[in-house]
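> Quick one: sequence and predicted model below, then my questions.
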Amino acid sequence: MKADRRAVLKGGVAAATAMALPGCETPMPGSSGGADMALGHRLRDGGFPEPMREEHAPVLIVGGGVAGLSAGWRLREAGYDDFRLIELESQPGGNARSGRNAVSAYPLGAHYLPIPNQEARGLRHMLRQFGMIVGDRDGKPLYDPLQLCADLQERLLWQGKWQEGLVPKTGLSAKDRGDLAAFDRAMADFSRRHDAKGRPAFAIPIAYSAQDADLLALDRISFAQWLDDRGWTSPVLRAHARYACRDDYGTEPAEVSAWAGIHYFASRRGFTADGAGDNELTWPEGNARLTRLMADRLGQRVTTGQAAFRVRRDQHGATADVFDTGTGQSVRYRADAVILAMPHFIASRLLGETPDAAYSYAPWLIANVTVDRAPAGKGSALAWDNVSASSASLGYVVATHQSASREGPTVLTWYMALSDMSPANARRVLIERSDADWRRLVRDDLIGMNPDLDGAIRSIDLWKWGHAMIRPTPGFLWQVAPAQRAAIRAPIFRAHSDLSGLSLFEEAHYQGMAAAEAALSSLGHAHETLL
């Protein structure tokens, strides 16, 4: 019997994998990419040639994702130029990279940056430098309106009709309305709360958060348990909470720290003079706009195709052994300071340590779908972010949403967090399932949301992230991550969102700046902090 399309998609990745989808039609064209798994596995297993020559770099940044680029940007801001940044992949950017076709640029991962909070001083400094903050009014920044998300920002397919916003407004029971209202009041209270030192209860970056005992205790239970304890069992509220946890953390509410779950709803207080505090900065290529601007400032200091496989302290500083994928040879860098801007599971192997099992990473599938015409549908008009209440995916964003004209073909960036199974099993499914089957799943999900797209899909380009983001499981944010930060010792510094426990641009940027400033201090280079 043929599986019902909506039942398969709503059941999640596990259900969709277990049920055979039709396979007799002409395969959908498209490419398939992702992080260099073969080279990543080689890093795990070893076997690189020993270095045949040496080079000196006073500061060496290993890793060109958001944190590594932020570290380099911070060094330059401090007037320190004698550094190198090496990156494993063919282009820097980490999970904020992008692609492009004849229709549009599009993200391969992170696709927006919320208006930063007041506490994100270093990030605002960078946005001002990049021309995204264009002035001030009454002591608050003014943002370039052309880089703020245009209307409509979000819509939800609910009971067969699109509505503005991501929380259903119609067909709600008294229990739904009551639980949603109580939850909103609780989040508003958390958002307004500050400690005796004036620190917000939930800050971005989280380093600026209050550390009252009752707040830290939230990290010891799951978000699902916290909701259970309050009797908030409305399926509508629970579905929205699940969307939030999967959207930011790639993880189910039962495995997300309650602190992290509340942070999603209570931490955003966009600091701006133009009334756009709840808006986002977004571009067709997503956050690659920001990583490219940072990389441009570093210029020739960035070298790609470089796989560091060993980092050690020595009497003069540190050494890093690096395999050049272009030449097939290895080089040893001698440095006064090394910044390891990479996930824990990679950094620990470079240091000759065993990765801590407390670190787990969420796998994601991203598909950039080129269509002949923009999707429509009953109810609210097409938004930038479009989500279906009856789908296991996280919906799609529209690459050309910021364009003056929205007619004609576009690219839809479709997201799925493979969260309904263990990360190890999800990575196995991500790799072993055929690209043709993944494309059928993406196509069926999009057509389930927008039947008008039937016959309009040109191609589906897949991008697979086996370790897309750190999972903020209970106990990680305020126990594991602080212990990792406390263990950092010169001349080897760490820079990654792992150090915060939340895979957000703001966290990676903060950790990159923090590592750069620590390296500058160790070298005796004077600077004023941006932290």
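Yes, it's here. Numbers count the residues shown, from 1 in each chain.

> hmm, who's touching the helix or strand residue 156 falls within?
Using DSSP states H and E, residue 156 sits in strand 154-158. Residues from elsewhere that reach strand 154-158 (C-beta atoms under 8 Å, 6 or more residues apart in numbering): 162-171, 377, 379-391, 449. Just so you know, the C-beta spots here come from the backbone N, C-alpha and C atoms, and that holds for glycine as well.

> where does this protein have low pLDDT?
Filtered on pLDDT under 70, the chain yields the residue ranges 1-25.

> Residue ranges of each domain in it, please.
The chain breaks down into these structural domains: 5-30+361-470, 58-97+286-359+473-523, 113-148+154-278 (assignment by automatic domain parsing).

> related to what we said a few turns ago, buried subset of the contacts of strand 154-158, written for PyMOL?
Buried residues within the contacts of strand 154-158, by 16 or more other C-beta atoms under 10 Å, are selected in PyMOL with:
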select buried, resi 162+163+166+167+168+377+380+382+383+384+385+386+387+388+389+390+391+449
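
> And for the residue nearest to residue 338 when sequence neighbours are not counted, the neighbour number?
Counting by C-beta to C-beta, 6 or more residues apart in numbering, residue 338 lies nearest to residue 318, which is 4.5 Å off, once chain neighbours are set aside. Residue 318 has 20 neighbours, counted by other C-beta atoms under 10 Å.

> now could you export just the CA positions of the host helix or strand of residue 322 as PDB?
Assigned by DSSP H and E, residue 322 falls within strand 317-324. What follows is strand 317-324, C-alpha atoms only, in PDB (Å, rounded to 0.1, in the frame of the first residue of the first chain):
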ATOM      1  CA  GLY A 317      55.100  28.500  22.200                       C
ATOM      2  CA  ALA A 318      53.300  25.900  20.100                       C
ATOM      3  CA  THR A 319      53.600  23.900  16.900                       C
ATOM      4  CA  ALA A 320      50.900  22.900  14.500                       C
ATOM      5  CA  ASP A 321      51.500  20.200  11.900                       C
ATOM      6  CA  VAL A 322      49.400  20.900   8.800                       C
ATOM      7  CA  PHE A 323      48.700  18.900   5.600                       C
ATOM      8  CA  ASP A 324      48.400  20.900   2.400                       C
END
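
> buried stuff in whichever helix or strand comes after it?
Counting by DSSP H and E, the next helix or strand C-terminal to strand 317-324 is strand 329-335. By neighbour count on 16+ other C-beta under 10 Å, the buried set for strand 329-335 is 330-335.

> what bridges to residue 154?
Counting by DSSP bridges, residue 154 is bridged to residue 385.

> can you tell me how far it sits from residue 194?
Separation of residue 154 from residue 194 (C-beta to C-beta, to the nearest Å) stands at 29 Å.

> More neighbours: those two, which one.
Using other C-beta under 10 Å as the criterion, residue 154 and residue 194 rank with residue 154 on top: 19 against 12.

> What count of nearby residues applies to residue 346?
Residues within reach of residue 346, counting by other C-beta under 10 Å, total 22.

> Correct me if wrong: it contacts residue 43.
Yes - Residue 346 is within contact range of residue 43, at 6.5 Å (criterion: C-beta atoms under 8 Å).

> Can I get the helix or strand hosting residue 431 in CSV? Just the C-alpha atoms.
Using DSSP H and E, residue 431 falls within helix 423-432. Taking C-alpha atoms only, helix 423-432 is exported to CSV below (Å, rounded to 0.1, in the frame of the first residue of the first chain):
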residue,chain,number,x,y,z
PRO,A,423,22.8,11.8,16.3
ALA,A,424,24.9,8.8,15.4
ASN,A,425,22.0,7.1,13.7
ALA,A,426,20.9,10.3,12.1
ARG,A,427,24.4,10.8,10.6
ARG,A,428,24.2,7.2,9.2
VAL,A,429,20.8,7.9,7.6
LEU,A,430,22.1,11.2,6.2
ILE,A,431,25.0,9.5,4.5
GLU,A,432,23.5,6.1,3.5
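
> and the gap between the residue lying closest to residue 395 once chain neighbours are set aside and residue 254?
Ranked by C-beta to C-beta, 6+ apart and with sequence neighbours excluded, the top spatial neighbour of residue 395 is residue 387, at 3.6 Å. Residue 387 sits at a distance of 21 Å from residue 254 (criterion: C-beta to C-beta).

> tell me the strands in the stretch 301-450 of the chain, going along the chain?
For the stretch 301-450 of the chain, the strands defined by DSSP state E, counting those that start in this stretch cover 302-304, 306-314, 317-324, 329-335, 337-340, 361-371, 385-388, 396-398, 410-417.

> Quick one: closest of those to residue 493.
Closest to residue 493 of the strands of the stretch 301-450 of the chain is strand 337-340 (C-beta to C-beta; 4.8 Å).

> Leaving out the residues flanking it, which one is nearest to residue 88?
That would be residue 307: by C-beta to C-beta, 6+ apart, it lies 5.1 Å from residue 88.

> Over to residue 106: give its phi and psi.
phi -160, psi 150 (degrees, to the nearest 10).

> count of neighbours near it?
Counted with other C-beta under 10 Å, residue 106 comes out at 28.

> partners of it in the sheet?
residue 99.
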